[in-house]
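Visitor: Pasting the sequence and the predicted coordinates here, then a few questions.
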Amino acid sequence: MRYAARALRQKDSGFVIYYPDKMEQRLFNEAEASLLEEIILHRRDVRGNRFLQDEISKEVVDKILMAALHGPSVGYSQPWEFVVIRDRKVREQIKDSFDAENTRASVLFDQEKSEKYTRLKLEGILEAPLNIAVFYKPAKAVVLGQTSMKEVGLYSVVCAIQNMWLMARALNIGIGWVSILDPERVKKIVQAPVENQLVAYLCLGYVNEFLDKPELEILEWEKRKQLSQVMREERYPDAEVADFCVRPVAKELSAALEHKINFKTKPLGALGKLEKIALQIGLIQQTLEPELKKPVIVVFAGDHGIAKEGVSAYPQEVTYQMVMNFLGGGAAINVFCKQNGIDINIVDAGVNYDFPNGLAGLSRFKIGYGTRSFLHEPAMTIAEVKQALQCGAKVVNDLKAQGSNIIGFGEMGIGNTTSASALMSVYCGFPVEQCVGKGTGVDDEGRKRKVNIIELAIRKHGAIKDPVEILATYGGFEIAQICGAMLRAAESGMVILVDGFITTAAYLIAQAIQPAIKDYAVFCHQSGEQGHGRLLEYLDASPLINMEMRLGEGTGAAVSYPLVKAAVSFLNQMASFDSAGVSNKEEAEKKG
C-alpha cells in the first residue's frame, strides 16, 4: 500500500521525519529522534579506571536488562540468558582468565602493534562494580527462521546486547565488552549449562567521563571506517570485476603499417625501437595515422603493513607527506609531467592519513588505512582486492571519458618494493634473493632483513597459484588499483605506459588475469631496483630506456613519453621515399 507523506522539519535537530497519513502507531518527533541519534553516536566501550565505584541499583540493572529483552530475535525465540555478577571473588577468577588469554594474544600482532597492545587497558572487570555474562541458550526445538541460517539465534543475542548498551548510555552508565577470555573457563566459574554459549562479558558502572571518540581510535589503534568503504549499491561489484575483457589487438593493419614505416626516408629498422612503438600504437588505435590525446599519469598512493617490520629506510608517514608534495607540484613527477605536457592525477588508494577536504587534484578511492602486514596475515582480503580493482577501473573510466587515450601509472607507498618483490617471487617462482633490491635506500643489512621477512612470509602462507589471491596476500591497495586501472585501460583500447618495478609487479598480476594486455603495454624503463631487470626478462618485455632510475612515482614513464611521442610523430610526419623523391634500396638495386 502506498501512503501520501508529509515532512516536518525542526531546525535545531536537523531531522526530517515523514509521517504516512494512515500510520496509526505512536509517532516520534524530531527531538526524540535526534536524542536517539545522540545516544547511538556517543555509545562508548569503557575500560579500567574510568569506572566509578558508585553502586548501580537493582532497579537500574533491571531497566537495562529489560531493554535486552526487547531486542529482536529470530522466531521470537528470545535465546538469551544473563548472569549478574557483583561478588569480587568471582570477578577475580574471571580476571585471571583474562590475564592468561591477554598474554597469549599480545604476541600475535606485528612488532609495532604488539608494543602498543601491551600498554592498552582492555577491561574493567574489577574496577567496575558490576559484571554481566551474556549467554546464548540454543533452542531444543525447531525455531522459525533458523532452519537455514543456523547462527541467527546467536546474532539475536548480539542485538539484545546492543539494546543494553544504548539503554545504559541513556542512563549515564558505561559498558565495557571483554572478549579476551576463555569461554569454557567462564562457563565453569558461573556454573553455566553445558549447552550455553558465552557471547559477551560486560563490565558496567557509572564513569568519570565518556570520551568524545572511541578509545582505540584516540590511541590510533584503528580508524573509523567511512560509509563508502562498507556500503554497496544493489550488490558487491564482483561481477563487474569478472567482466574485464581485454581482447588482442587486431593484426589486419600490420602489413600496411609496416610498409608505411619501412618506406620512410631511412634504412630499414634505422629508428630501432621507435619503429616497434609506432607499429604497436597504430595497431592499438587501428589506424595508419595514430594520435596521442591528453596523456596522463595517475599516481596511486597507499600504505603497507609490512613497512612496520622495518623494511624501509623511511617512516610510513612519508607516504602522505609525498602525496601532499605531489598536490603542491614539488615532486619529480610534477616536474617531468609539466615539461612534457602530461596531466597528472593523484589517487588516495589507501594512505594511512585523513587528507583535508577540498584538495584539488586528489581522487579519493581509499580502501583502508594501509594494508595489514603480510608477515602475519594476508595484506588484503579478496573482497578488498576486488574493490581495489574496481576503483582503479573507475579512475580510468573518468579519464577515458575526458578524452585521454594514453595513460601511465605511478605509485607512492613506503614498503611497496617489499610487496612487489614478494609478488614477483611467489608468482614467477624466483628465489627471494633475486627479487629484492634496496628500495628506498636501505643498507646491506636492511636488504638482508627484507629478504628474510619475505621468505618467512612465503613459508607462512604456503604455495598460492591464483593471481588474485597472490595479490591479496602480498600486494597493496595502490598496486591492486593500478592492476585494475591497467586492465580497464587495455579493455578501453588505451596505450599503457608501464613505469618501474612496482607498476611492473602490478602488470604481472594484470597479465595473469588477462594475458592480452601485453598488446597495449609500452615498457618505459628498466629500474635500478635489482628485481626489475629479471622481471622484464620474465615478461619478455623490452624497455625503452635504462637510466638507472628507481624513484617510482611514474617518473620513468614521464621521462620516456617524448620517445613514444617521437614514434607517432615520425609515422605521421616523416616523408616517404615516394613523397620526397628519394630512391630507396629496392629501386637502387633495380637501376644497378
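Guide: Great, that's in hand.

Visitor: use CA for all of it now, contacts and neighbours both
Guide: Noted.

Visitor: Sticking with residue 504, tell me its helix or strand.
Guide: helix 501-513 (DSSP states H and E).

Visitor: Could you pull up the residues touching the residue positioned nearest the centre of the chain?
Guide: Note on the chain: the residue nearest the mean C-alpha position is residue 367, at 3.5 Å, using CA atoms, centre = their mean. By CA atoms under 8 Å, 6 or more residues apart in numbering, the residues touching residue 367 are 229, 349, 350, 384, 387, 388, 477.

Visitor: Wasn't it part of a strand?
Guide: No. Using DSSP: H, G, I helix; E, B strand; the rest coil, the assignment for residue 367 is coil, not a strand.

Visitor: number of nearby residues for residue 193?
Guide: 11 (other CA atoms under 10 Å).

Visitor: Extract the C-alpha trace of the helix holding residue 504 and format it as CSV.
Guide: Extracted in CSV, the C-alpha atoms of helix 501-513 (Å, rounded to 0.1, in the frame of the first residue of the first chain):
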residue,chain,number,x,y,z
PHE,A,501,59.4,-2.1,-10.6
ILE,A,502,56.2,-1.7,-8.6
THR,A,503,54.0,-0.9,-11.6
THR,A,504,55.5,-3.8,-13.5
ALA,A,505,54.6,-6.1,-10.5
ALA,A,506,51.0,-4.8,-10.8
TYR,A,507,51.2,-5.5,-14.6
LEU,A,508,52.5,-9.0,-13.7
ILE,A,509,49.2,-9.8,-12.0
ALA,A,510,47.1,-8.0,-14.6
GLN,A,511,48.6,-10.1,-17.4
ALA,A,512,47.9,-13.2,-15.4
ILE,A,513,44.2,-12.2,-15.3
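
Visitor: Mind listing the strands the helix or strand following that helix pairs with, and their directions?
Guide: Next in sequence after helix 501-513, counting helices and strands by DSSP H and E, comes strand 521-523. Strand 521-523 pairs in its sheet with strand 495-498 (parallel), by DSSP bridges.

Visitor: Show me which positions of the strand it pairs with end up buried.
Guide: 495, 496, 497, 498 (16 or more other CA atoms under 10 Å).

Visitor: for stretch 141-155, same thing?
Guide: Within stretch 141-155, judged by 16+ other CA under 10 Å, the buried ones are 152, 153, 154, 155.

Visitor: pLDDT of it, averaged?
Guide: Stretch 141-155 shows a mean pLDDT of 92.

Visitor: Contacts for that stretch, please.
Guide: For stretch 141-155, contacts defined as CA under 8 Å, 6+ apart pick out 73, 74, 75, 77, 79, 136, 138, 199.

Visitor: Please list all residues in contact with the third one.
Guide: For residue 75, the set of contacting residues under the criterion of CA under 8 Å, 6+ apart consists of 143, 144, 145, 146.

Visitor: Can you go through the contacts of residue 367 and name the buried ones?
Guide: Judged by 16+ other CA under 10 Å, buried ones among those: 349, 350, 384, 387, 388, 477.

Visitor: Pick the one among the residues you listed closest to residue 251.
Guide: residue 388 (32.5 Å; CA to CA).

Visitor: SS state for the closest one?
Guide: helix.

Visitor: pLDDT score assigned to it?
Guide: Looking at residue 388, the pLDDT reads 95.

Visitor: quick one: low-confidence ranges for the stretch 151-300 of the chain?
Guide: Where the stretch 151-300 of the chain drops to pLDDT under 70, the residues are 228-229, 235-242.

Visitor: I'd assumed residue 131 was in a helix, is it?
Guide: No. Using three-state DSSP, the assignment for residue 131 is strand, not a helix.

Visitor: so can I have TSV of the buried residues of stretch 141-155 showing secondary structure and distance to residue 329?
Guide: Output for the buried residues of stretch 141-155, formatted as TSV (DSSP: H, G, I helix; E, B strand; the rest coil; distance: CA to CA, whole Å):
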residue	secondary structure	distance to residue 329
152	helix	54
153	helix	56
154	helix	54
155	helix	51
